[in-house]
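# prediction below, plus the sequence it came from.
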Amino acid sequence: MDSGAPAQAWVAKENLTMGQAVTEDRAGRWAFAALLGGNLALAFGALLVRYADTGPVASAFWRLALALPLLLLLARREGGGWPSRGSLWIAIGAGLFFALDLAAWHIGILQTKVANATLFGNSASLLLVIWGIFLARTLPRGWQALAILLAFAGSILLMGQSYELSPDYLAGDLLSLLAGALYTGYVLLMQRVRGDLGPWSALSIAAATGLPILLGTSLALGEAVMPTDWTPLIALALSSQVIGQGLLIWALPRFSPLVIGLTLLVQPAVAALTGWIGFGETLSLIDVIGGLMVAASLVLIRLPSRTERPI
(Lines give C-alpha, C1' and ligand atoms only; values in the text may rest on other atoms or scores of the structure.)
Protein backbone atom coordinates (compact mmCIF):
# COMPACT_ATOMS: atom_id res chain seq x y z
CA MET A 1 0.00 0.00 0.00
CA ASP A 2 1.36 3.44 -0.91
CA SER A 3 1.69 5.40 2.37
CA GLY A 4 2.27 8.62 0.43
CA ALA A 5 -1.13 8.53 -1.25
CA PRO A 6 -3.08 10.10 1.66
CA ALA A 7 -0.50 12.88 1.95
CA GLN A 8 -0.66 13.57 -1.78
CA ALA A 9 -4.45 13.65 -1.65
CA TRP A 10 -4.35 16.10 1.26
CA VAL A 11 -1.91 18.39 -0.60
CA ALA A 12 -4.09 18.27 -3.72
CA LYS A 13 -7.16 19.16 -1.66
CA GLU A 14 -5.35 22.06 0.01
CA ASN A 15 -4.14 23.38 -3.35
CA LEU A 16 -7.71 23.18 -4.71
CA THR A 17 -9.05 25.06 -1.69
CA MET A 18 -6.40 27.76 -2.03
CA GLY A 19 -7.12 28.07 -5.74
CA GLN A 20 -10.84 28.50 -5.08
CA ALA A 21 -10.09 31.16 -2.45
CA VAL A 22 -7.89 33.11 -4.88
CA THR A 23 -10.56 32.86 -7.59
CA GLU A 24 -13.28 34.09 -5.20
CA ASP A 25 -11.07 36.96 -4.04
CA ARG A 26 -10.45 38.05 -7.64
CA ALA A 27 -14.15 37.80 -8.42
CA GLY A 28 -14.89 39.93 -5.36
CA ARG A 29 -12.45 42.59 -6.53
CA TRP A 30 -14.01 42.67 -9.98
CA ALA A 31 -17.47 42.93 -8.45
CA PHE A 32 -16.41 45.80 -6.20
CA ALA A 33 -14.79 47.56 -9.16
CA ALA A 34 -18.08 47.13 -11.05
CA LEU A 35 -20.01 48.56 -8.10
CA LEU A 36 -17.76 51.64 -8.06
CA GLY A 37 -17.76 51.95 -11.84
CA GLY A 38 -21.54 51.82 -11.96
CA ASN A 39 -21.87 54.64 -9.45
CA LEU A 40 -19.22 56.61 -11.31
CA ALA A 41 -21.28 56.41 -14.51
CA LEU A 42 -24.51 57.25 -12.67
CA ALA A 43 -22.94 60.38 -11.19
CA PHE A 44 -23.23 62.19 -14.56
CA GLY A 45 -26.99 61.67 -14.76
CA ALA A 46 -28.03 64.99 -13.18
CA LEU A 47 -25.80 66.92 -15.58
CA LEU A 48 -27.29 65.18 -18.65
CA VAL A 49 -30.86 65.72 -17.43
CA ARG A 50 -30.18 69.45 -17.28
CA TYR A 51 -28.81 69.42 -20.83
CA ALA A 52 -31.84 67.58 -22.25
CA ASP A 53 -34.38 69.80 -24.03
CA THR A 54 -37.38 67.65 -23.06
CA GLY A 55 -39.35 67.74 -19.83
CA PRO A 56 -37.65 66.10 -16.84
CA VAL A 57 -39.94 63.05 -16.73
CA ALA A 58 -39.75 62.75 -20.51
CA SER A 59 -35.95 62.56 -20.25
CA ALA A 60 -36.41 59.66 -17.80
CA PHE A 61 -38.72 57.98 -20.32
CA TRP A 62 -36.15 58.31 -23.10
CA ARG A 63 -33.42 57.07 -20.77
CA LEU A 64 -35.28 53.76 -20.52
CA ALA A 65 -36.72 53.68 -24.05
CA LEU A 66 -33.38 54.22 -25.79
CA ALA A 67 -31.62 51.71 -23.54
CA LEU A 68 -34.26 48.96 -23.71
CA PRO A 69 -33.38 47.49 -27.16
CA LEU A 70 -29.76 47.05 -26.09
CA LEU A 71 -30.82 45.63 -22.72
CA LEU A 72 -33.09 43.10 -24.45
CA LEU A 73 -30.27 42.07 -26.80
CA LEU A 74 -27.92 41.54 -23.86
CA ALA A 75 -30.64 39.65 -21.97
CA ARG A 76 -31.10 37.33 -24.94
CA ARG A 77 -27.39 36.60 -25.06
CA GLU A 78 -27.47 36.04 -21.31
CA GLY A 79 -29.93 33.15 -21.67
CA GLY A 80 -31.60 31.58 -18.65
CA GLY A 81 -35.08 31.18 -20.11
CA TRP A 82 -38.33 32.75 -19.00
CA PRO A 83 -38.32 33.87 -15.33
CA SER A 84 -40.52 32.26 -12.71
CA ARG A 85 -43.72 34.07 -11.76
CA GLY A 86 -42.27 35.15 -8.41
CA SER A 87 -39.10 36.57 -9.98
CA LEU A 88 -41.11 38.32 -12.67
CA TRP A 89 -43.31 40.09 -10.12
CA ILE A 90 -40.32 41.16 -8.03
CA ALA A 91 -38.61 42.60 -11.14
CA ILE A 92 -41.84 44.38 -12.09
CA GLY A 93 -42.05 45.79 -8.56
CA ALA A 94 -38.45 47.00 -8.87
CA GLY A 95 -39.35 48.68 -12.16
CA LEU A 96 -42.26 50.47 -10.50
CA PHE A 97 -40.02 51.81 -7.74
CA PHE A 98 -37.39 52.83 -10.30
CA ALA A 99 -39.84 54.68 -12.54
CA LEU A 100 -41.22 56.66 -9.61
CA ASP A 101 -37.67 57.32 -8.41
CA LEU A 102 -36.66 58.70 -11.81
CA ALA A 103 -39.78 60.86 -12.09
CA ALA A 104 -39.30 62.38 -8.62
CA TRP A 105 -35.56 62.92 -9.01
CA HIS A 106 -35.63 64.35 -12.53
CA ILE A 107 -38.29 66.90 -11.52
CA GLY A 108 -36.34 67.65 -8.34
CA ILE A 109 -33.12 68.29 -10.28
CA LEU A 110 -34.79 71.21 -12.07
CA GLN A 111 -36.37 72.64 -8.91
CA THR A 112 -33.36 72.76 -6.63
CA LYS A 113 -29.60 73.12 -6.78
CA VAL A 114 -27.63 70.24 -8.27
CA ALA A 115 -25.80 69.90 -4.95
CA ASN A 116 -29.10 69.60 -3.06
CA ALA A 117 -30.49 67.07 -5.56
CA THR A 118 -27.30 65.01 -5.35
CA LEU A 119 -27.21 65.08 -1.56
CA PHE A 120 -30.89 64.30 -0.98
CA GLY A 121 -31.12 61.90 -3.91
CA ASN A 122 -28.35 59.86 -2.31
CA SER A 123 -30.28 59.51 0.94
CA ALA A 124 -30.57 55.91 -0.29
CA SER A 125 -26.99 55.45 0.93
CA LEU A 126 -28.02 56.18 4.52
CA LEU A 127 -31.20 54.08 4.25
CA LEU A 128 -29.28 51.11 2.84
CA VAL A 129 -26.68 51.35 5.60
CA ILE A 130 -29.44 51.40 8.23
CA TRP A 131 -31.11 48.41 6.56
CA GLY A 132 -27.78 46.56 6.47
CA ILE A 133 -27.30 47.15 10.20
CA PHE A 134 -30.86 45.95 10.84
CA LEU A 135 -30.25 42.73 8.89
CA ALA A 136 -26.98 42.09 10.71
CA ARG A 137 -28.71 42.58 14.09
CA THR A 138 -25.55 44.22 15.39
CA LEU A 139 -23.88 47.60 15.24
CA PRO A 140 -20.84 47.93 12.95
CA ARG A 141 -17.49 47.60 14.65
CA GLY A 142 -13.86 48.06 13.74
CA TRP A 143 -13.17 48.90 10.12
CA GLN A 144 -16.86 48.95 9.20
CA ALA A 145 -17.70 51.55 11.86
CA LEU A 146 -14.77 53.73 10.81
CA ALA A 147 -15.71 53.39 7.13
CA ILE A 148 -19.29 54.52 7.80
CA LEU A 149 -18.08 57.48 9.88
CA LEU A 150 -15.58 58.58 7.22
CA ALA A 151 -18.08 58.14 4.36
CA PHE A 152 -20.83 60.29 5.80
CA ALA A 153 -18.49 62.89 7.28
CA GLY A 154 -16.73 63.17 3.92
CA SER A 155 -20.04 63.59 2.09
CA ILE A 156 -21.11 66.36 4.48
CA LEU A 157 -17.84 68.17 3.86
CA LEU A 158 -18.16 67.72 0.09
CA MET A 159 -21.71 69.01 -0.19
CA GLY A 160 -21.76 71.35 2.80
CA GLN A 161 -20.47 74.41 0.97
CA SER A 162 -22.67 74.12 -2.12
CA TYR A 163 -25.76 72.75 -0.38
CA GLU A 164 -28.27 75.47 0.54
CA LEU A 165 -31.56 75.35 2.42
CA SER A 166 -34.09 77.75 0.99
CA PRO A 167 -37.89 77.90 0.64
CA ASP A 168 -37.29 78.28 -3.10
CA TYR A 169 -35.74 74.81 -3.19
CA LEU A 170 -38.15 73.07 -0.81
CA ALA A 171 -40.19 71.23 -3.46
CA GLY A 172 -37.08 70.04 -5.27
CA ASP A 173 -35.43 68.97 -2.01
CA LEU A 174 -38.48 66.95 -0.94
CA LEU A 175 -38.75 65.30 -4.35
CA SER A 176 -35.07 64.36 -4.19
CA LEU A 177 -35.57 62.87 -0.72
CA LEU A 178 -38.54 60.88 -2.03
CA ALA A 179 -36.40 59.68 -4.93
CA GLY A 180 -33.76 58.45 -2.48
CA ALA A 181 -36.34 56.43 -0.55
CA LEU A 182 -37.77 54.95 -3.76
CA TYR A 183 -34.29 54.07 -5.02
CA THR A 184 -33.68 52.15 -1.79
CA GLY A 185 -36.70 49.97 -2.52
CA TYR A 186 -35.50 49.45 -6.10
CA VAL A 187 -32.01 48.34 -5.03
CA LEU A 188 -33.32 45.92 -2.39
CA LEU A 189 -35.80 44.32 -4.81
CA MET A 190 -33.19 44.02 -7.56
CA GLN A 191 -30.74 42.48 -5.10
CA ARG A 192 -33.38 39.91 -4.18
CA VAL A 193 -34.35 39.02 -7.75
CA ARG A 194 -30.74 38.69 -8.88
CA GLY A 195 -30.61 35.28 -7.21
CA ASP A 196 -32.90 34.00 -9.99
CA LEU A 197 -32.38 36.40 -12.91
CA GLY A 198 -29.33 37.62 -14.76
CA PRO A 199 -28.56 41.36 -14.58
CA TRP A 200 -29.70 42.18 -18.12
CA SER A 201 -32.94 40.23 -17.80
CA ALA A 202 -33.75 41.97 -14.52
CA LEU A 203 -32.93 45.38 -16.01
CA SER A 204 -34.99 44.69 -19.13
CA ILE A 205 -38.10 43.80 -17.12
CA ALA A 206 -37.66 46.81 -14.82
CA ALA A 207 -37.15 49.18 -17.77
CA ALA A 208 -40.14 47.83 -19.69
CA THR A 209 -42.28 48.26 -16.56
CA GLY A 210 -41.20 51.88 -16.12
CA LEU A 211 -41.81 53.04 -19.69
CA PRO A 212 -45.63 53.45 -19.64
CA ILE A 213 -45.50 54.98 -16.16
CA LEU A 214 -42.99 57.64 -17.19
CA LEU A 215 -44.62 58.40 -20.54
CA GLY A 216 -48.06 58.73 -18.94
CA THR A 217 -46.71 60.99 -16.18
CA SER A 218 -44.88 63.18 -18.69
CA LEU A 219 -47.98 63.61 -20.85
CA ALA A 220 -50.13 64.33 -17.78
CA LEU A 221 -47.71 67.08 -16.74
CA GLY A 222 -47.85 68.62 -20.23
CA GLU A 223 -44.13 68.23 -20.82
CA ALA A 224 -42.30 68.42 -24.14
CA VAL A 225 -41.68 64.78 -24.97
CA MET A 226 -39.90 64.88 -28.35
CA PRO A 227 -36.37 66.31 -28.21
CA THR A 228 -34.68 68.44 -30.84
CA ASP A 229 -31.21 67.34 -29.68
CA TRP A 230 -30.89 63.61 -29.01
CA THR A 231 -27.28 63.73 -27.81
CA PRO A 232 -27.89 64.27 -24.05
CA LEU A 233 -30.62 61.61 -24.02
CA ILE A 234 -28.52 59.02 -25.84
CA ALA A 235 -25.63 59.76 -23.49
CA LEU A 236 -28.00 59.45 -20.51
CA ALA A 237 -29.35 56.08 -21.73
CA LEU A 238 -25.90 54.62 -22.36
CA SER A 239 -24.03 56.01 -19.35
CA SER A 240 -26.72 55.79 -16.68
CA GLN A 241 -28.97 52.94 -17.77
CA VAL A 242 -26.75 50.54 -19.70
CA ILE A 243 -23.33 51.09 -18.13
CA GLY A 244 -24.23 52.50 -14.71
CA GLN A 245 -27.20 50.30 -13.88
CA GLY A 246 -25.70 47.34 -15.73
CA LEU A 247 -22.55 47.31 -13.58
CA LEU A 248 -24.50 48.02 -10.40
CA ILE A 249 -27.09 45.27 -10.89
CA TRP A 250 -24.41 42.76 -11.97
CA ALA A 251 -22.49 43.34 -8.73
CA LEU A 252 -25.47 43.44 -6.32
CA PRO A 253 -25.56 39.77 -5.23
CA ARG A 254 -22.03 39.87 -3.81
CA PHE A 255 -22.54 42.69 -1.31
CA SER A 256 -24.64 43.66 1.67
CA PRO A 257 -26.88 46.76 1.64
CA LEU A 258 -24.30 48.43 3.90
CA VAL A 259 -21.52 48.20 1.30
CA ILE A 260 -23.87 49.13 -1.55
CA GLY A 261 -25.04 52.17 0.41
CA LEU A 262 -21.51 53.42 1.04
CA THR A 263 -20.53 53.09 -2.62
CA LEU A 264 -23.45 55.37 -3.58
CA LEU A 265 -21.46 58.16 -1.93
CA VAL A 266 -19.08 58.06 -4.89
CA GLN A 267 -21.68 60.16 -6.70
CA PRO A 268 -21.40 63.37 -4.60
CA ALA A 269 -17.62 63.15 -4.89
CA VAL A 270 -17.81 62.85 -8.67
CA ALA A 271 -20.38 65.66 -8.81
CA ALA A 272 -17.93 68.00 -7.09
CA LEU A 273 -15.16 66.93 -9.49
CA THR A 274 -17.28 67.44 -12.61
CA GLY A 275 -18.26 70.88 -11.35
CA TRP A 276 -14.57 71.75 -11.11
CA ILE A 277 -13.65 70.34 -14.54
CA GLY A 278 -16.75 71.29 -16.52
CA PHE A 279 -17.85 74.56 -14.92
CA GLY A 280 -14.72 75.93 -13.27
CA GLU A 281 -16.22 75.59 -9.81
CA THR A 282 -13.42 75.91 -7.27
CA LEU A 283 -12.49 72.88 -5.21
CA SER A 284 -11.53 74.03 -1.74
CA LEU A 285 -9.28 72.18 0.69
CA ILE A 286 -12.44 71.04 2.51
CA ASP A 287 -13.79 69.54 -0.73
CA VAL A 288 -10.55 67.65 -1.30
CA ILE A 289 -10.50 66.35 2.28
CA GLY A 290 -14.13 65.24 1.96
CA GLY A 291 -13.40 63.37 -1.26
CA LEU A 292 -10.38 61.65 0.31
CA MET A 293 -12.48 60.62 3.30
CA VAL A 294 -15.08 59.00 1.03
CA ALA A 295 -12.29 57.23 -0.89
CA ALA A 296 -10.74 55.99 2.36
CA SER A 297 -14.09 54.63 3.54
CA LEU A 298 -14.40 52.53 0.38
CA VAL A 299 -11.00 51.01 1.05
CA LEU A 300 -11.77 50.32 4.70
CA ILE A 301 -15.17 48.71 4.07
CA ARG A 302 -13.44 46.01 2.01
CA LEU A 303 -10.83 45.09 4.65
CA PRO A 304 -13.03 42.65 6.64
CA SER A 305 -13.75 40.64 3.48
CA ARG A 306 -10.13 39.54 3.30
CA THR A 307 -10.59 37.30 6.29
CA GLU A 308 -14.36 36.82 6.16
CA ARG A 309 -17.03 36.20 3.57
CA PRO A 310 -17.57 39.25 1.32
CA ILE A 311 -20.05 41.64 2.94
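Thanks, I have the structure now. Numbers count the residues shown, from 1 in each chain.
# for Ala235, what are its contacts?
Contact analysis of Ala235 by CB atoms under 8 Å, 6 or more residues apart in numbering lists Leu48. To be clear about C-beta, it is placed using only N, CA and C from the backbone, and glycine gets the same treatment.
# just checking, Val193 touches Ala202?
Yes - if you go by CB atoms under 8 Å, Val193 and Ala202 touch, sitting 5.4 Å apart.
# find residues that contact each of these two.
91, 94.
# so where do the helices sit in this structure?
Along the chain, counting by DSSP state H, helices occupy 4-42, 45-51, 56-78, 85-111, 114-121, 123-136, 142-160, 170-193, 199-220, 231-236, 245-251, 257-263, 266-279, 285-300.
# would you format these as JSON lines with mean pLDDT included?
Output for the helices of the chain, formatted as JSON lines (pLDDT from 0 to 100):
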{"stretch": "helix 4-42", "mean pLDDT": "61"}
{"stretch": "helix 45-51", "mean pLDDT": "82"}
{"stretch": "helix 56-78", "mean pLDDT": "93"}
{"stretch": "helix 85-111", "mean pLDDT": "90"}
{"stretch": "helix 114-121", "mean pLDDT": "69"}
{"stretch": "helix 123-136", "mean pLDDT": "74"}
{"stretch": "helix 142-160", "mean pLDDT": "71"}
{"stretch": "helix 170-193", "mean pLDDT": "86"}
{"stretch": "helix 199-220", "mean pLDDT": "94"}
{"stretch": "helix 231-236", "mean pLDDT": "95"}
{"stretch": "helix 245-251", "mean pLDDT": "90"}
{"stretch": "helix 257-263", "mean pLDDT": "78"}
{"stretch": "helix 266-279", "mean pLDDT": "65"}
{"stretch": "helix 285-300", "mean pLDDT": "69"}
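# Leu135: neighbouring residues, count only.
11 (other CB atoms under 10 Å).
# wait, isn't it in contact with Ser256?
Yes - assessed by CB under 8 Å, Leu135 is found in contact with Ser256 at 7.2 Å.
# identify the residues contacting stretch 48-64?
99, 102-103, 106-107, 109-110, 114, 207, 210-211, 214-215, 217-218, 221, 223-229, 232-233, 235-237, 239-241.
# brain fart, stretch 103-113
46, 49-50, 56-57, 59-60, 117, 120-121, 162-164, 169, 171-176, 178-179, 182-183, 213-214, 217.
# distance from that stretch to the middle of the chain?
18 Å (CA atoms, centre = their mean, to the nearest Å).
# and the nearest residue to Pro83 once chain neighbours are set aside, how many neighbours?
Leaving out its chain neighbours, the residue that sits closest to Pro83 by CB to CB, 6 or more residues apart in numbering is Leu197, at 5.5 Å. For Leu197, the neighbour count with other CB under 10 Å is 23.
# ok, now the one 4 residues further on?
Under the neighbour criterion other CB under 10 Å, Ser201 is assigned a count of 27.
# check what pLDDT Thr282 gets.
Thr282 is assigned 57 on the pLDDT scale.
# oh, I was asking about Ser84
pLDDT, Ser84: 85.
# for it, which non-adjacent residue is closest in space?
Nearest one to Ser84, counting by CB to CB, 6+ apart, is Asp196 at 6.4 Å.
# contacting residues for that neighbour?
83-84, 86-87.
# hmm, try it at 7 Å
Counting by CB atoms under 7 Å, 6 or more residues apart in numbering, Asp196 makes contact with 83-84, 87.
# list only buried entries from those residues.
83, 87 (16 or more other CB atoms under 10 Å).
# Ala147: which of the contacts of Asp196 is nearest?
Lowest distance from Ala147 to those (CB to CB) belongs to Ser87, with 32.4 Å.
# the closest one against Leu197, yeah?
Yes - Ser87 lies in contact with Leu197 (CB atoms under 7 Å); the separation is 5.4 Å.
# count of neighbours near Asp229?
Asp229 has 11 nearby residues by other CB under 10 Å.
# look at the nearest residue to it once chain neighbours are set aside and report its pLDDT.
By the measure of CB to CB, 6+ apart, the closest residue to Asp229 outside its immediate chain neighbours is Asp53, 5.6 Å from it. Model confidence at Asp53, given as pLDDT, is 92.
# oh, and call the first residue 15 from now on, that's how I've got it
Noted, 15 is the first residue going forward, which turns the last one into Asp67.
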